[in-house]
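Participant: got a predicted model here, sequence first, then my questions.
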Amino acid sequence: MIDKFVSTRAEAMAGIADGSVILLAGFGAGTPEYLVAGLIEQGAKDLTLVVNAGGRDDGPIADLLASGRVKKLICSFVRPASVAGRLYQAGNLDLEIVPQGTLAERIRAAGAGVQAFYTPTAADTLLAEGRETRVIAGRNCLLEYPIHGDVALIDAWEADRWGNLTHRDSARNYNPIMAMAAKMAIVQTAHVVPLGAIEPANVHTAGVFVQRVLHVPG
């Protein structure tokens, strides 16, 4: 019988290796805060963290950065006065800035098997320096590559034992594409429902992309 639920946070986070690429979902909503705390507790280091933004000076992302476990941050923006900004200015964090839409598409491309794509976004900016560009339909376009994750940390509103997930409202943001793009998707869910209880149209992330689920009551 397939049952992807685990009993403890330690079990959910077991085996995450040093040097892993961590895809961390969330954009205003949908950040799996309990799992982020578990990652800090688990102790993996030299991580590459892929997240929408590293601009806050508090909260789970700031806590993870402040723990000293993140070697590189890939995100859409950073505020100089934030934890990430201070770490970068001190030379303690590698930083790759990717426009938000491009970031989402690079993650989606990894899950969809797209090997590379061109986009006009950032093609005529400093972000394109030293990189391949091509004129397509009269517009200068920048070559971008997918972002694959070793682990995705995912937030769900409800889940069944096969790992089918529903994400509530705007929490749908990065969660489905990050689950698809990672070798292992670890989920925290507020609610557990019986198999078959989630209508097919409400399966926002299919269980085939999910390896571990932890119930964290909301």
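Facilitator: It's in. Numbering: from 1, shown residues only.

Participant: if I look at the most far-flung residue of the chain relative to its centre, how far off is Pro99?
Facilitator: When distances to the mean C-alpha position of the chain are computed (Cα atoms, centre = their mean), the maximum falls on Gly138, with 33.5 Å. In this view, Gly138 and Pro99 are 21 Å apart by Cβ to Cβ, to the nearest Å. Every residue, glycine included, has its C-beta placed from N, CA and C.

Participant: ditto for Ala17
Facilitator: Here Ala17 is placed at a distance of 30 Å from Pro99 (Cβ to Cβ).

Participant: so which of these two has more stuff around it?
Facilitator: Comparing Ala17 with Pro99 by other Cβ atoms under 10 Å, the one with more neighbours is Pro99, at 18 against 11.

Participant: scan the chain for its longest helix.
Facilitator: For the chain, the helix with the greatest residue count under DSSP state H is helix 100-112.

Participant: the helix or strand just after that helix: partners in the sheet, and parallel or antiparallel?
Facilitator: Once helix 100-112 ends, the next helix or strand along the chain (criterion: DSSP states H and E) is strand 117-119. Partners of strand 117-119 in the sheet, by DSSP bridges, are strand 139-144 (antiparallel).

Participant: give the buried residues for the strand it pairs with.
Facilitator: Under the neighbour-count criterion of 16 or more other Cβ atoms under 10 Å, strand 139-144 has 141-142, 144 buried.

Participant: how about stretch 200-211?
Facilitator: In stretch 200-211, counting by 16+ other Cβ under 10 Å, buried: 204-205, 207, 209-211.

Participant: roughly how far does the closest residue to Tyr88 other than its chain neighbours sit from Ser76?
Facilitator: Sequence neighbours aside, Leu95 is the residue nearest to Tyr88 in space, at 4.8 Å (criterion: Cβ to Cβ, 6 or more residues apart in numbering). According to Cβ to Cβ, Leu95 and Ser76 sit 11 Å apart.

Participant: ok, now Arg69?
Facilitator: In this view, Arg69 and Ser76 are 21 Å apart by Cβ to Cβ.

Participant: please apply the same query to Gly111.
Facilitator: Per Cβ to Cβ, Gly111 is found 19 Å from Ser76.

Participant: now swap in Lys45 and tell me
Facilitator: 24 Å.

Participant: and what of Leu23?
Facilitator: From Leu23 to Ser76 the distance is 14 Å (Cβ to Cβ).

Participant: Ala159 touches Val213, doesn't it?
Facilitator: Yes. If you go by Cβ atoms under 8 Å, Ala159 and Val213 touch, sitting 5.1 Å apart.

Participant: between those two, what contacts are shared?
Facilitator: Listed as contacting both Ala159 and Val213 by Cβ atoms under 8 Å, 6 or more residues apart in numbering are 187, 189.
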